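**Student:** got a predicted structure plus its sequence, pasted below:
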Amino acid sequence: MKDRELVLSKEEISALDRRAIDGGIPSLTLMRNAAAAVYRRIQTLGVDLAAPVVVCGGGNNGGDGYALAILMEEAGVPVAVLESAKPKSRDCIYYASRCGAPRVDESALDSATLIVDAMYGFSFRGSLSPHDAALTRRINASRAFVLAIDLPSGTEADGDYCDDCVTADATCTFTAEKPATASYSALSHCGQVFVEDIGIPASAGVPEESPVRLIRSVDGMIRDREENSHKGTFGTLAILAGSADMPGAAYLCATGALHAGVGLVKLASDASALGVLKNRLSEPVFLSGGAEAAAQTSKTALLVGCGLGRGFDASLGALLRGSDVPTVIDADGINFLASHIDVLKEMQAPAALTPHPMELSRLTGCGVEEINRNRVRTARAFAAEHGCFLLLKGSRTVIAAPDGRVRITVSGCSALAKGGSGDVLAGVVGALAAQGYDLFDALTVGAFLHGRAGERLAARFGAHGALPSQLPEEIGRLLG
């Protein structure tokens, strides 16, 4: 079996392999199946096979490499093997002893047309030895197409990576994706990822619902819109956003919410921002009185923070603590929490934060680079510690629930890397929450469609030319 949405940890993959073997499938058979799947993938990629080199380590990943070399030999491909270490595991020794491909030294990498990385796979942890680091640097410097078996060497299955890890053009991983192939920054070393079936049966206990899933579609999560309805059917979103210098943020989050189908938007801001917004928006109810007005008005969800500045800091704590509806906190709402983090634990209602890495750095004290090295682990840990939902923005947006579940959205492009895109996303999420979506689903649907809308706009206007203000209408079309 294979599952393109399932994301399994190193521990889960190891347990799955053990159960398959204990259930009667020889490990040598799984290794042969893996090699066959990789060879089929190489053929579909149309890679130049004039001078392929398979780099084999001493463990089972090396065994996959030797088994692949045997298949290529049998097909008449002039394959060579570079041994980064002598075979050590039983299965690696078995296939190495049957592989007749010539053994070559590192100089063969310079003229190779294909390099297959079979040094470590998912068992890697820590750092590369000086010998292996020199070898991976030479692989990365070559002009060959580089294909990694299971994972690029130097990349850890659960998402981290070390200096000098292999940067592959493609990775064939087995049964399911791993955190390293599903999320940045490790994903940047994997190239195009293919999930290959190696014959693990469902009877081996493949998880039906892994704590971590890739979201490739939200079709089944979008609710039908009732025909016999009125504005009250679709909820009321209260928004506290905007300031004298950033009325546009309030405009973008409000239009995002309106195009996401909420029945009524009530928009609170300071007097100067409201003066601008009343000339640009016809649909919202405008609230004078700032945070106090947002607290007192009837609503089914609350959104706080887009372009808010710090002028409402004195009243934000009371607003958040007193909220009795699902609450989305973005931008300056997050900046407020960075110095008042205890407010999160004191909130009565479920809360969702939507930070980019710099904002999460302010919340956690961790550096941006550290956050980006393992986005899944960082988001999950924060959500669990503070009992909230967290959406970590960026390519492959990570959404974490307080119970440990994680979703990673597979949509988006660089067209979204512009000021204002996040304001639209916050408005969409708030609107979905107001309509009755639980926060985990609201974040998931909102982030996925936000990414898909960016892709569609980039196709029409180019990634340079697409504007955040165009996102709300496109998201509305996607919601239907």
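**Tutor:** Great, that's in hand.
**Student:** rest of the way, CA atoms for contacts and neighbours
**Tutor:** OK.
**Student:** who's in contact with the closest residue to L68 other than its chain neighbours?
**Tutor:** Spatially, and ignoring its direct neighbours in sequence, L68 is nearest to A35 (4.6 Å; CA to CA, 6 or more residues apart in numbering). Contacts here follow CA atoms under 8 Å, 6 or more residues apart in numbering; on that basis A35 touches 64-65, 67-68, 71.
**Student:** tell me the secondary structure for A35?
**Tutor:** Secondary structure, DSSP: H, G, I helix; E, B strand; the rest coil: A35 is helix.
**Student:** can you say which of the contacts of A35 are buried?
**Tutor:** Using 16 or more other CA atoms under 10 Å as the burial test, these include 64-65, 67-68, 71 as buried.
**Student:** which ones among these map onto helices?
**Tutor:** Counting by DSSP state H, those place 64-65, 67-68, 71 in helices.
**Student:** would you reformat those as TSV and include distance to D330 and pLDDT?
**Tutor:** Below are those laid out as TSV (distance: CA to CA, whole Å; pLDDT from 0 to 100):
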residue	distance to D330	pLDDT
D64	47	98
G65	48	98
A67	51	98
L68	50	98
L71	54	98
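**Student:** among those residues, which one lies nearest to T167?
**Tutor:** Among those, G65 lies closest to T167 (CA to CA), at 17.5 Å.
**Student:** what's in contact with the longest helix along the chain?
**Tutor:** Identified as the longest helix of the chain according to DSSP H is helix 439-461. Helix 439-461 is contacted from outside by 215, 217-218, 221-222, 326, 350-352, 389, 391, 397, 399-401, 407, 409-413, 415-416, 425, 428-430, 432-433, 463-466, 470-471, 474-475, 478-479, using CA under 8 Å, 6+ apart.
**Student:** are any of those residues buried, and which?
**Tutor:** Neighbour-count burial within those applies to 215, 217, 326, 350-352, 389, 391, 397, 399-401, 407, 409-413, 415-416, 425, 428-430, 432-433, 463, 466, 470-471, 474-475, 479; the criterion is 16+ other CA under 10 Å.
**Student:** how far does stretch 377-394 sit from the chain's center?
**Tutor:** When distances are taken as CA atoms, centre = their mean, to the nearest Å, stretch 377-394 is centred 13 Å away from the chain's centroid.
**Student:** how near is the residue of the chain most remote from its centre to Y39?
**Tutor:** Residue farthest from the centre of the chain, counting by CA atoms, centre = their mean, is G100 at 41.6 Å. Noted for G100: a distance of 17 Å to Y39, by CA to CA, to the nearest Å.
**Student:** next one: V428
**Tutor:** V428 is 44 Å from Y39, where distance means CA to CA.
**Student:** so what's E385 up against?
**Tutor:** Contacts for E385 (CA under 8 Å, 6+ apart) come out as P402.
**Student:** element containing it, please.
**Tutor:** Per DSSP states H and E: E385 is located in helix 375-386.
**Student:** quick check: what element follows that helix along the chain?
**Tutor:** That would be, after helix 375-386 and using DSSP H and E, strand 389-392.
**Student:** so for the helix or strand following that next one, mean pLDDT?
**Tutor:** For strand 389-392, the following helix or strand on the C-terminal side (DSSP H and E) is strand 398-400. Confidence for strand 398-400, expressed as mean pLDDT, is 98.
**Student:** tell me which element A180 falls in.
**Tutor:** If you go by DSSP H and E, A180 is part of helix 179-182.
**Student:** so which bits of the next helix or strand after that helix are buried?
**Tutor:** Scanning forward in sequence from helix 179-182 by DSSP H and E, the next helix or strand is strand 192-196. Buried residues in strand 192-196, counted by 16+ other CA under 10 Å: 193-196.
**Student:** ok, so of these, who is nearest A338?
**Tutor:** Nearest to A338, judged by CA to CA, of the buried residues of strand 192-196 is V193 at 36.5 Å.
**Student:** which residue packs closest to that closest one, ignoring adjacent ones?
**Tutor:** Using CA to CA, 6+ apart, the nearest residue to V193 is T171, at 4.9 Å.
**Student:** now the one you found: phi and psi?
**Tutor:** As for T171, its main-chain torsions (degrees, to the nearest 10) stand at phi -130, psi 130.
**Student:** measure it to V398 for me?
**Tutor:** For T171 relative to V398 (CA to CA), the value is 21 Å.
**Student:** same deal with L337?
**Tutor:** 20 Å.
**Student:** looking at those two, which one has more neighbours?
**Tutor:** Comparing L337 with V398 by other CA atoms under 10 Å, the one with more neighbours is V398, at 28 against 19.
**Student:** state the pLDDT value of S203.
**Tutor:** For S203, pLDDT reads 79.
**Student:** what's the local residue count around it?
**Tutor:** Using other CA under 10 Å, S203 has 10 other residues around it.
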